[in-house]
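**Student:** fold the following.
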Amino acid sequence: MNNLKKYKLVCTLTFGDIYGQIIIWLIVIFLSLASALALWSTARQIFALATVGLIVVLSLPFLLFAFVTTLLNHIELKPVEITAQPAESSPRTAPNSNPAQAAS
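**Tutor:** The predicted structure follows:
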């Protein structure tokens, strides 16, 4: 029971990992808006709004699935080395910080 290791969670996700997904979803949104403008007339305004709503509602689950799976693929468990001596806790201030002084 004494051989238990400590682990830390490390997220290696960067903006570049989801950049393509964001671009594709923006293209989907702009295409839906373009189709709504193509359908927009005095007689079919409800169809245009329904088209935009349907495309956005149907694309959101796919976007969420893509984001969540990308995030889960970039979470790592790394073992933490246990040292014999505990690390000394230092104050959170910078070591050589001087207080601000007024210019005279």
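
**Student:** tell me where this protein has helices.
**Tutor:** With helices called from DSSP state H, the chain shows them at 15-39, 45-73.

**Student:** can you list those in a markdown table and add distance to Lys5 and mean pLDDT?
**Tutor:** Using the backbone N, CA and C atoms, a C-beta is placed for each residue, glycine as well. Formatted as a markdown table, those follow (distance: least, C-beta to C-beta, whole Å; pLDDT from 0 to 100):
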| stretch | distance to Lys5 | mean pLDDT |
| --- | --- | --- |
| helix 15-39 | 28 | 86 |
| helix 45-73 | 22 | 87 |
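
**Student:** make a markdown table from those and add mean neighbour count to it.
**Tutor:** Listed next are the helices of the chain as a markdown table, based on neighbours: other C-beta atoms under 10 Å:
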| stretch | mean neighbour count |
| --- | --- |
| helix 15-39 | 13 |
| helix 45-73 | 13 |
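
**Student:** the residue lying closest to Cys11 once chain neighbours are set aside: neighbouring residues, count only.
**Tutor:** Of all residues not flanking Cys11 in the chain, Ile75 sits nearest, at 5.5 Å (C-beta to C-beta, 6 or more residues apart in numbering). Using other C-beta atoms under 10 Å, Ile75 has 11 neighbouring residues.

**Student:** show me what contacts Ile75?
**Tutor:** Neighbouring residues of Ile75 by C-beta atoms under 8 Å, 6 or more residues apart in numbering: 9-13.
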